[in-house]
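# Requesting a structural model of the entry that follows:
(chains A, B and C)
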Amino acid sequence: MARMKFLCDAERCIECNACVTACKNEHDVPWGINRRRVVTLNDGKPGERSISMACMHCNDPPCAAVCPVDCFYQTADGVVLHSKDLCIGCGYCFYACPFGAPQYPQATNFGGRGKMDKCTFCAGGPEADNTPEEYQKYGANRLAEGKLPLCAEMCSTRALMAGDGDVLADIYRERAVRRGYGSGAWGWSTAYGREDRGRAFGPGRSGAGVGTSGS
Amino acid sequence: MLVKRSSGKPARGSLSRTLTTGIGAPVGRRGFLKTSGLAAGGMAALSALPAAMIRKAEAGPTIPNVETVTRKNICTHCSVGCTVIAEVQNGVWTGQEPGWESPISQGAHCAKGASVRELTKGERRVKYPMKLVDGQWQRLSWDQAIEEIGNQLLEIRQQSGPDAVFWLGSAKFSNEGSYLYRKLAAFWGTNNVDHQARICHSTTVAGVANTWGYGAMTNSYNDIQNSKALVIIGGNPAEAHPVSLPHMLRGKERNRAPFIVIDPRFTRTAAHATEYVRIRPGTDIPITWGILWHIFENGWEDKEYIRQRVYGMDEVRAEVKKWDPATVERVTGVPGEQVKRVAEALAKNKPSTVIWCMGITQHTTGTANVRALSILQLALGNIGVAGGGANIYRGHCNVQGATDFGLDVTTLPSYYGLAEGAWKHFCRAWDVEYDWMKSRFASKELMEMKGIPTTRWFDGVIYKPEDIQQPSPLRAMVCFGHGGNTVTRMPEMIKGLEKLSLLVIADPHPTTFAAIKERRNNTYLLPACTQFETDGSRTCSNRSMQWGEKIVEPIFESKDDYTIIYLLAKKLGFADDMFKHITVEGTRPVPEDILREINRSCLSTGYTGQSPERLKMHMKHQADFDKITMQATTGPLKGEYYGLPWPCWGQPELRHPGSPVLYDTSKHVMEGGGVFRARFGVERNGVSLLAEGSYSKGSEIQDGYPEFTMAMLKKLGWDKDLTPEETRVINAIGGDKVDEVSWQTDLSMGIIRVALKHGCSPHGNAKARAVAWNLPDPVPVHREPIYSPQPELVKQYPAIEDRRDFRLPQLARSLQFKISDSDLRQKFPFVLTSGRLVEYEGGGEETRSNPWLAELQQSMFAEINPKDAERLGIRDGALVWVYGPENNAKAKVRALVTERIGVGTVFMPFHFSGYWQGESLRDNYPPGTDPIVLGEPANGVTTYGYDPVTFMQETKVTLCRVEPA
Amino acid sequence: MRRKDEKTGIERRDLLKGLGLGAAGAAAAALTTAGAAEAAETPQEQVKSRYRETDHVKRFYALNRL
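Numbering: from 1, shown residues only, chains lettered A, B, ... in the order given. Sure thing, here's the model as predicted:
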């Protein structure tokens, strides 16, 4: 079965931020929450490269590992989602995440963070697909509509790709051959290196037994 | 059971640190997100908004059980022309999808395009007509606003004549809006009508049109995929035209093409270059001649091409000879070896293309810069060739169209000029008497005289009346879709604004004009809607026309441009004549009908075949077009090129396919082929100006030929091919001078049809001009900027002599010498240059009002090299004052310390406004319309300096001083 | 663990401070607490596969190969 991944081709990314505003547009993400960001390395120097970053939907998601209320779950597509009803906004996942993906709607003097928010791979959350309830809490569910994340679909230079990891790896290989060099798929070993593919597991204590197994 | 995926040790690889802190030094301008946050005023305004205005009316993009309608329009943010797919429910734009089928954008967007849905939420838009009374904004009705504005205009006309009103149009108009606005100015009786092209590519249009005939990009974005080498000089398309990059990068990857970026700044585009050349700002001609020096020296030029198709290359050789590697290095700072590498890459990887933008055009030598690059491409035989070309990226979404339709102080639509013949042509097309039209003007002389351009409208207000070559200084400005921070010398612009009796702004946003505190009365704001709230066509940079469909009705009380223009014309008393052949539904002229009038009259640019019906078919069948050639390979449009890129000759029924590559002799003229235009005569000093032995495929005249007239048809015996109806029209136009009727004035289009039938181009077949004898510098020569950072070079490469043009005096050499002889250089030790950012457009009001974009760039900044910053004790992110050398100008901005900019140079983006010399102007905007992000305008410190041919402003080289604030 | 990363942590909190203020964020937070029980999926539904290789998706892959 297909395993959903993101792949950002740094040779193509021009830091135009289409992915960022496409995400804002699709989910009406409020000011201050950035499910996706573009990061530039060696800014202004030869060798400058940019990469679009969001939750990578890791094989063995460290966020889920540290979550004290087990609000995370991973779908059969490999997409890592979470329940905002269960989330207590503790922020552990933010510390655990190698990509800085988790976002919080507010920060107060007393450390209250509100419910965590992050990229859903345009796959909504634990509410029924494409209901107003799901949209209000998690945004659109494009995957259920037979589409892919809008950030990748609208990418100006086809740098950011989303979809079946095997297809993306093929496309990237073709590009490397055409160019005569390749700089590696950024973040892949961190996100997808531990196992061949992610396996589904359910959310919270009530989710016990769903999916195939723990580690 | 607790489901744990691992024992709980968080993964914290080096990637994490990289992403959150960057490598070593700060993360660049996005770093401001964390260091500066949002300015206090913006924050306050944002939190004052009711939450419901920030979110959509309903829950999400898909409201369950509500019908979704899909509509297709074109992005309004640049000239690439990306398709926008809108999902509409209950009349609200609720979702945006990728337009996969677009041959141009193929579903892609940049930050701006991916956020256009916000424009029709428009919480920061002007919501109803307003007027400024003693510094306070008062709401009024449309009727009252038009009544008051009209009465004042008529009074000014009565007292001071029609030329006292300046009509500023917009590159954000549709083609139909542009044409209508030009027509409005004509019916009002003035040539004081202009738009943004003056400040973006006016010098390109003048430069290339004077070289080979037409003022436009010769090839297309898509065609760059055929290029074997690319030079991008004075352009940063990765930020300005992001969706051109997929085409460029595919060319680079697939052809392993050298990707050369020549720029004073290591831009986001340069980051992808195989060779980056840093030049001193303002030395574009020296670098170009330096490249050409190697080409001539090594015999790499295309000698046969030059012999057949180029006039005057020997005179260029003489000038180029002066630019040996040592001289080039002394003036530009570029090492000789690197210049040679670039020359060789271009010459040995053909076809090679040259791409340019504002870094070439916005100079006192703008037209000459353009000409130099054009000549370089001619020497290499790269013009008229797929994969070659002068790929000039226009700026706004319809700046090409607005230019083509004459929002320009020098011409009527379609570059007919202002001479009597041009007026007579349009009077025939408009079905009005020439004498009546003449009576609308103060005099025949003023009717045929170039107007005052937008770069200097304020000089037309504040200069002494005797210095302004018209009966009265400007007293009113009617401004559609144009930022107020886009012209240089803003301190003087503000004086002009203060003195102007009437100011009318028709725009979705209030613009900088409305926020200037010195002006306290008699400014009117008319809410114009965006192009997503109306329909009409726009012309992309590659000359393709795309029809945009109305997505939603105009929001709040806004109206579309057509309606506002109609209301003004009606109040001013000439609507019946102006709309004689255009259907008006209620108060809204029908855009299809306007386009049909364009099709009937704009013969000279080949804007005749693109009927609304054909354009709509193209939008419907986008999927049938090849993604590189842009030709339909299947379906009902098979053989046509996407968007019927002009020239699309003859009546729509002729089904000309459009011209994907200009001047391409490898194709028949009826298949989109062409030749250089004969518009400068047939002979000069005994040398033929017509092509020699070069002609487009299938031409019955197998040599050069002049443009087609009745006299020529008769001579060839081809007049017999005209139909009786065509002959009747030609006779009616010609009267007793039938022989003089030309392809440009024959409203029957019979002459064009017959020329094409014989495989000939109606505009003749000439040589391109390496020497343009009608320009101030017939062969481009280097001239130091007015504010030259190298005074020692000024005497050797002086500016042009002071002169007069466009009804105004122009200072050049006297000012330059005065500056170079003074100690100004010591007081202002930095070169100041300007440019653009991906998330904002133009003056920036619209994009800085869009929260999805505004969040990405919350501070105005100035880039400064680490060495300079260290010397001055300026740390990254700190506030600094940038001082300009005129009018005690200054701007308070954040320092962005980066190697992106060279030592001794400072860069500022030009999209900001709403701060003035350290002070916020937020309270001056009408409540609720202030853009989220405000900042100091770069043009607050830019200075005097104009191109002699178009009065283009110098924005790329001046001097400044930077001090910690 | 906390202490060790304190330095980075502060920096990140600063980042949040810069980004996270404003009414819009607060509004979104308020919304998320208003759950609608009847819309919830069963655990099995939550983890089921949703991806399908539709024409839309195939078109996306094809464009990426250009």
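
# now chain C, which segments are flagged as low pLDDT?
Low-confidence segments of chain C (pLDDT under 70): C:1-39.

# By residue count, what's the longest helix in the chain?
Going with chain A. helix A:165-179 (DSSP state H).

# The intended chain is chain B.
helix B:142-160.

# Which neighbouring elements make contact with that one?
strand B:165-168, strand B:476-480, strand B:502-507, strand B:523-527, helix B:561-572 (3 or more Cβ pairs under 8 Å, 6 or more residues apart in numbering or on different chains; DSSP states H and E). In short, each C-beta sits where N, CA and C put it, glycine included.

# please redo it, this time with the cut-off set to 7 Å
strand B:502-507, strand B:523-527, helix B:561-572 (3 or more Cβ pairs under 7 Å, 6 or more residues apart in numbering or on different chains; DSSP states H and E).

# Quick one: residues in contact with it.
Applying Cβ atoms under 7 Å, 6 or more residues apart in numbering or on different chains, the contact partners of helix B:142-160 are B:129, B:164-165, B:471-472, B:475-476, B:501-502, B:504, B:524, B:526, B:557, B:567-568, B:571-572.

# Got a quick ChimeraX command for the buried subset of these?
In ChimeraX, this line selects whichever of the contacts of helix B:142-160 come out buried by 16 or more other Cβ atoms under 10 Å in any protein chain shown:
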select /B:129,164,165,472,475,476,501,502,504,524,526,567,568,571,572
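
# coming back round to it: any idea how far the longest helix of chain A is from the middle of the chain?
20 Å (Cα atoms, centre = their mean, to the nearest Å).

# Skip ahead from it and say which helix or strand is next.
Next along the chain after helix A:165-179, taking DSSP states H and E as the criterion, comes helix A:188-192.

# one step back: can you add mean pLDDT and distance to chain A and give the helices and strands packed on helix B:142-160 back as TSV?
Converted to TSV, these look like this (pLDDT from 0 to 100; distance: least, Cβ to the nearest Cβ, whole Å):
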stretch	mean pLDDT	distance to chain A
strand B:502-507	98	22
strand B:523-527	98	23
helix B:561-572	98	26
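
# got the residues of the stretch 701-850 of chain B near chain A?
B:838-839 (Cβ under 7 Å from any Cβ of the partner chain).

# Could you tell me which residues make contact with B:Leu292?
Taking Cβ under 7 Å, 6+ apart as the test, what B:Leu292 contacts is B:320, B:376, B:379.

# In helices, which of those appear?
Counting by DSSP H, the contacts of B:Leu292 place B:320, B:376, B:379 in helices.

# Show me the helices in the stretch 351-500 of chain B, by range?
Using DSSP state H, counting those that start in this stretch, the helices of the stretch 351-500 of chain B run over residues B:358-361, B:366-379, B:399-404, B:420-430, B:434-440, B:444-447, B:459-462, B:490-499.

# Flag every buried residue along the longest helix of chain A.
A:165, A:167-169, A:171-172, A:175-176.

# again with stretch B:315-329
Buried-residue list, stretch B:315-329, by 16+ other Cβ under 10 Å: B:316-317, B:319-320, B:323, B:325, B:327-329.

# so which of those are also by chain A?
Within the buried residues of stretch B:315-329, nothing lies near chain A by Cβ under 7 Å from any Cβ.

# Switch those over to JSON lines; also include pLDDT and secondary structure.
JSON lines is the format used below for the buried residues of stretch B:315-329 (pLDDT from 0 to 100; DSSP: H, G, I helix; E, B strand; the rest coil):
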{"residue": "B:Val316", "pLDDT": "98", "secondary structure": "helix"}
{"residue": "B:Arg317", "pLDDT": "98", "secondary structure": "helix"}
{"residue": "B:Glu319", "pLDDT": "98", "secondary structure": "helix"}
{"residue": "B:Val320", "pLDDT": "98", "secondary structure": "helix"}
{"residue": "B:Trp323", "pLDDT": "98", "secondary structure": "coil"}
{"residue": "B:Pro325", "pLDDT": "98", "secondary structure": "helix"}
{"residue": "B:Thr327", "pLDDT": "98", "secondary structure": "helix"}
{"residue": "B:Val328", "pLDDT": "98", "secondary structure": "helix"}
{"residue": "B:Glu329", "pLDDT": "98", "secondary structure": "helix"}
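
# hmm, back to that, who touches the longest helix of chain A?
A:3-5, A:7, A:9, A:11, A:161, A:182, A:185, A:192, B:253-254, C:61, C:64-65.

# Neighbour-wise, which one of the residues you listed leads?
A:Lys5 (29 neighbours; other Cβ atoms under 10 Å in any protein chain shown).

# Just the CA coordinates for stretch B:512-528, please, in CSV.
Provided in CSV are the C-alpha atoms of stretch B:512-528 (Å, rounded to 0.1, in the frame of the first residue of the first chain):
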residue,chain,number,x,y,z
THR,B,512,-0.2,55.7,-0.2
PHE,B,513,-1.7,58.7,-1.8
ALA,B,514,-4.5,58.6,0.8
ALA,B,515,-2.2,58.3,3.7
ILE,B,516,0.0,61.3,3.2
LYS,B,517,-0.7,63.6,6.0
GLU,B,518,0.1,66.8,4.2
ARG,B,519,-3.0,66.4,2.1
ARG,B,520,-6.1,67.1,4.2
ASN,B,521,-8.9,67.9,1.8
ASN,B,522,-10.5,67.0,-1.5
THR,B,523,-9.2,63.5,-1.9
TYR,B,524,-11.9,61.0,-3.1
LEU,B,525,-11.7,57.3,-2.7
LEU,B,526,-13.8,55.2,-5.0
PRO,B,527,-13.9,51.5,-4.3
ALA,B,528,-12.8,49.7,-7.5
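
# just how off-centre is it within its chain?
25 Å.

# Setting aside sequence neighbours, what's the nearest residue to B:Ser414?
Sequence neighbours aside, B:Cys602 is the residue nearest to B:Ser414 in space, at 3.8 Å (criterion: Cβ to Cβ, 6 or more residues apart in numbering or on different chains).
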